[in-house]
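Student: Have a look at this prediction, sequence included:
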Amino acid sequence: MLKNYLTAIFIGVSLLASNVVHARAFTIQLNIPELTSTQKQIVLENISLYRQKISPLLSDDYVTRLYLNGKQEIITTLQVFGFYEAKVESDLDKGDDRWTITYNVDAGQPVIVEDVELVIKGEGDTDREFITWREKFPIQAGDRLNHDLYEQAKSQLQNMFVERGYFNGRLIRHEIQLKLKQHSGKIVIHVDTGPRFRFGDVTFIQETFDNDYLRRFIPFSRGEIFLASELSKLQKNLAVSGEFKTIEIVPLPESATNNLVPIRVMLTPRKPLRYKIGGGYGTDTGVRGRIGVERRQITDTGHRADAEAFISRILRTVTAHYRIPLTKPATDGLVFTGEHKREETDTSFSESNTVSASHVYGLKSWLRTTSLSYLKENYAAGSEANKSNLVIPSINFLFDPEKERRPTLYGLRWHFDLNLKGAHKDLASDVSFVQGKLFGEFRYQLTRKLSLVARGDIGGSLVDDFASLPVSQRFFAGGDYSIRGFDYKSLGPTDENGEVVGGTHLLVGSIEGQYMFIPNWDVAMFYDTGNAYDKDQFEPEQGAGAGIGYRLPFGIVRVYGAVALSKSDNPTRLHVIVSADW
């Protein structure tokens, strides 16, 4: 018995292997002059033989049978584009190594739409979106009939019912009236949108947070016109908070009273404690590591705290935050911060303690942060060492239009960050200064594979006693994110001994071309220029080079080889960067 089973299996496998080895290779040529290349591709993909072209089981007989079926498949598919009288001539050339299959198609006279009758009844007849749908209907009188566009327009209409709160909306009549002998047709769509529903009460299903706190995440009010996009905003607000593991938002039109739709929100909170640990490497920092902890749900109104320690060859920090959500908890809040920081580079040393209170306010693409900080810093630059105490009010504007815009493959993506701050001796500070800094980054996607990236830093300070200005408030240049080809913070004005001490101004720019040659891998070429400087003493340095990048789930790893062009001996430097991609 066992022997018989083994024999049967052997024979079956042998037959399968025989078919794989002798699978018929073929090429299909499809000639339809009346269609665009895109439409021609659609017809091709509806031919069974084309869909199975990579099958290892294509015997000569099976290919022949599918070849004969192809004529009717082409005729049927052409009706989608308004051709009901197509004629197909086919030819099968059985070459020794590869067969060539040719379909020559005469599409015939197309059906022309002589009239389009679109009727909208109900409250939707004054809705701008429905009016636009009617005005921009994809098929107009005099156009060739296209069933695909017709179906797309119907689907768009049905989506609008749900998205804009017409839960009783329906298509009363939808048909294409054909007169094939006259090669003409008429499109008829009658719609009854019914009444437009509005938002009713929102019920949160959870046991962790105060319901009044959760209502602050809601971007709409009871009685407002229902829009599905507002539910998406609610979903986003709750997700951005980081408080919830799962979020499920369900409108309940079947439970509506007086056309007010109740909304049910089911939430599963995350665990109160979250631990963070990470590491990496960068040319500026060397080997680096971080460890942190976050405590959520300190109160039922969303208070949270976190602490983190970071260590590398040049930088060590210990930072703690306490955040209190405000009216719009997804973006607005009070943040109290304490930080100890120690940084030691080849040109400077700084050890500081900072405490600050900040008010964060978000509006669409903008995030404004107003802060008051107390800084106590011991520092050294060049041959001088000093210490300073400063009370620093500041305001920061972060603009990122991508937060409010759907991502696109091509086009411009950009963001910028503007910071203004200062201190005064009359307000418990050892030095008076005013400073502004603007950073911008721009990415232009030229093609699917080629993009250009430009960035720039510009900063300026007015200070009464530069020696009393802490190193953390001075400008330096050079490094992975500045001018490549130079060490981290190695560029800037020097003292009488030629040692870099930092400057009152900054101007740095970079442009980079990136080309993705295979998925997840790209090569790049760049040019950086600029410097940190004192007023009227700008001497730009230059660096250029090339690199390679690999895309990971969390960002990009890049390795650059850079040449310091402005140095007489043109020294080279390797830069390794691990960063989140935006």
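Tutor: Happy to help now that I have it. Predicted model, so just to flag it, every value in this text is computed and none were measured. Residues are numbered from 1 along each chain as shown.
Student: Could you use CA atoms for every contact and neighbour count after this?
Tutor: Fine.
Student: for the host helix or strand of Gly561, packing partners?
Tutor: Using DSSP states H and E, Gly561 sits in strand 555-564. Contacts defined by 3 or more C-alpha pairs under 8 Å, 6 or more residues apart in numbering; DSSP states H and E place strand 555-564 against strand 541-552, strand 572-579.
Student: pLDDT below threshold where in the chain?
Tutor: Along the chain, the parts satisfying pLDDT under 70 run over 1-23, 402-411, 579-582.
Student: swap the cut-off to 50 and go again
Tutor: Along the chain, the parts satisfying pLDDT under 50 run over 1-3, 5-21, 406-409, 581-582.
Student: Give me the domain ranges for it.
Tutor: Domain assignment of the chain by automatic domain parsing yields the ranges 2-106, 112-192, 198-269, 322-332+357-579.
Student: Could you dump the ones you listed into a markdown table with mean neighbour count and distance to Tyr281 added?
Tutor: Below are the domains of the chain laid out as a markdown table (neighbours: other C-alpha atoms under 10 Å; distance: least, C-alpha to C-alpha, whole Å):
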| stretch | mean neighbour count | distance to Tyr281 |
| --- | --- | --- |
| domain 2-106 | 15 | 45 |
| domain 112-192 | 16 | 47 |
| domain 198-269 | 16 | 28 |
| domain 322-332+357-579 | 18 | 7 |
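Student: Would you mind giving the ones you listed as JSON lines with distance to His303 added?
Tutor: Below are the domains of the chain laid out as JSON lines (distance: least, C-alpha to C-alpha, whole Å):
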{"stretch": "domain 2-106", "distance to His303": "55"}
{"stretch": "domain 112-192", "distance to His303": "34"}
{"stretch": "domain 198-269", "distance to His303": "11"}
{"stretch": "domain 322-332+357-579", "distance to His303": "5"}
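Student: Ok, which of the ones you listed comes nearest Asp346?
Tutor: Closest to Asp346 of these, according to C-alpha to C-alpha: domain 322-332+357-579, at 7.1 Å.
Student: circling back to that earlier point, I'd like to know which of the domains of the chain lies nearest to Glu294.
Tutor: Nearest of those (C-alpha to C-alpha): domain 322-332+357-579, 9.9 Å.
Student: residues in contact with the strand holding Gly561?
Tutor: 484-486, 541-551, 570-581 (C-alpha atoms under 8 Å, 6 or more residues apart in numbering).
Student: Give me the angle between that strand and strand 541-552.
Tutor: 160 degrees (axes from the mean of the first three to the mean of the last three C-alpha atoms, to 10 degrees).
Student: Strand 555-564: partners in the sheet, and parallel or antiparallel?
Tutor: According to DSSP bridges, strand 555-564 forms sheet pairs with strand 541-552 (antiparallel), strand 572-579 (antiparallel).
Student: Among the ones you listed, single out whichever gets nearest to Val335.
Tutor: That would be strand 572-579 among those, by C-alpha to C-alpha, at 25.5 Å.
Student: got the contact list for that closest one?
Tutor: So strand 572-579 is contacted by 280-283, 480, 484-486, 555-564 (C-alpha under 8 Å, 6+ apart).
Student: Look at Gly70 and give its secondary structure.
Tutor: Using DSSP: H, G, I helix; E, B strand; the rest coil, the structure places Gly70 in helix.
Student: Name the nearest residue to it, sequence neighbours excluded.
Tutor: Distances taken as C-alpha to C-alpha, 6 or more residues apart in numbering place Ile47 nearest to Gly70, at 5.6 Å, with adjacent residues excluded.
Student: Repeat that for Lys87.
Tutor: Per C-alpha to C-alpha, 6+ apart, closest to Lys87 is Asp106, 5.2 Å.
Student: and that neighbour, backbone torsions?
Tutor: Backbone geometry at Asp106, expressed as degrees, to the nearest 10, gives phi -100, psi 100.
Student: and the gap between it and Glu230?
Tutor: 50 Å (C-alpha to C-alpha, to the nearest Å).
Student: repeat for Asn46
Tutor: 40 Å.
Student: again with Ser383
Tutor: Using C-alpha to C-alpha, one obtains 60 Å as the distance from Ser383 to Glu230.
Student: chain center to stretch 189-199, what's the gap?
Tutor: 34 Å (C-alpha atoms, centre = their mean, to the nearest Å).
Student: what's next to it, contact-wise?
Tutor: With C-alpha under 8 Å, 6+ apart, stretch 189-199 has contacts from 117-124, 161, 164-175, 220-226, 259-263.
Student: Contact partners for Thr283?
Tutor: 479-480, 574-577.
Student: between those, which is closest to Gly492?
Tutor: Out of the contacts of Thr283, the member with the shortest distance to Gly492 (by C-alpha to C-alpha) is Gly479, at 12.3 Å.
Student: Does that closest one touch Lys489 like I think?
Tutor: Yes. At 6.4 Å, Gly479 and Lys489 qualify as touching, with contact defined as C-alpha atoms under 8 Å.
Student: so what's the backbone phi/psi at the residue nearest to Gly70?
Tutor: phi -90, psi 120.
Student: And Glu45, by the same measure?
Tutor: phi -70, psi -10.
Student: so what's it closest to, chain neighbours aside?
Tutor: Arg51 (6.2 Å).
Student: Could you report the separation of the one you found from Arg551?
Tutor: According to C-alpha to C-alpha, Arg51 stands 33 Å off from Arg551.
Student: same question, Ser348
Tutor: 34 Å.
Student: cool, and Phe486?
Tutor: 25 Å.
Student: Also Ile218?
Tutor: Ile218 is 36 Å from Arg551, by C-alpha to C-alpha.
Student: Next: Thr494.
Tutor: From Thr494 to Arg551 the distance is 39 Å (C-alpha to C-alpha).
Student: you'd agree Tyr533 is up against His505?
Tutor: Yes. Tyr533 is within contact range of His505, at 5.2 Å (criterion: C-alpha under 8 Å).
Student: what do these two both touch?
Tutor: With C-alpha under 8 Å, 6+ apart, Tyr533 and His505 have common neighbours Phe475.
Student: residues touching the closest residue to Gly513 other than its chain neighbours, list them.
Tutor: In space, and not counting its chain neighbours, Gly513 is closest to Leu452: 4.6 Å by C-alpha to C-alpha, 6+ apart. Applying C-alpha under 8 Å, 6+ apart to Leu452 gives the contacts 443-446, 511-514.
Student: Inside strands: which ones of those residues?
Tutor: 443-445, 511-514 (DSSP state E).
Student: In a markdown table: those residues, plus distance to Val287.
Tutor: Converted to a markdown table, those look like this (distance: C-alpha to C-alpha, whole Å):
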| residue | distance to Val287 |
| --- | --- |
| Arg443 | 29 |
| Tyr444 | 32 |
| Gln445 | 33 |
| Ile511 | 27 |
| Glu512 | 26 |
| Gly513 | 28 |
| Gln514 | 26 |
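Student: Lys87 is in contact with Thr76, isn't it?
Tutor: No. Using C-alpha under 8 Å, Lys87 is not in contact with Thr76, being 10.9 Å away.
Student: what's Ser255 sitting at in phi/psi?
Tutor: phi -100, psi 10.
Student: all numbers from here: first residue = 243
Tutor: All right, first residue 243 from here; so that's Ser497.
Student: I'd say it and Arg506 touch.
Tutor: No. Contact criterion C-alpha under 8 Å: Ser497 and Arg506 do not qualify, at 11.0 Å.
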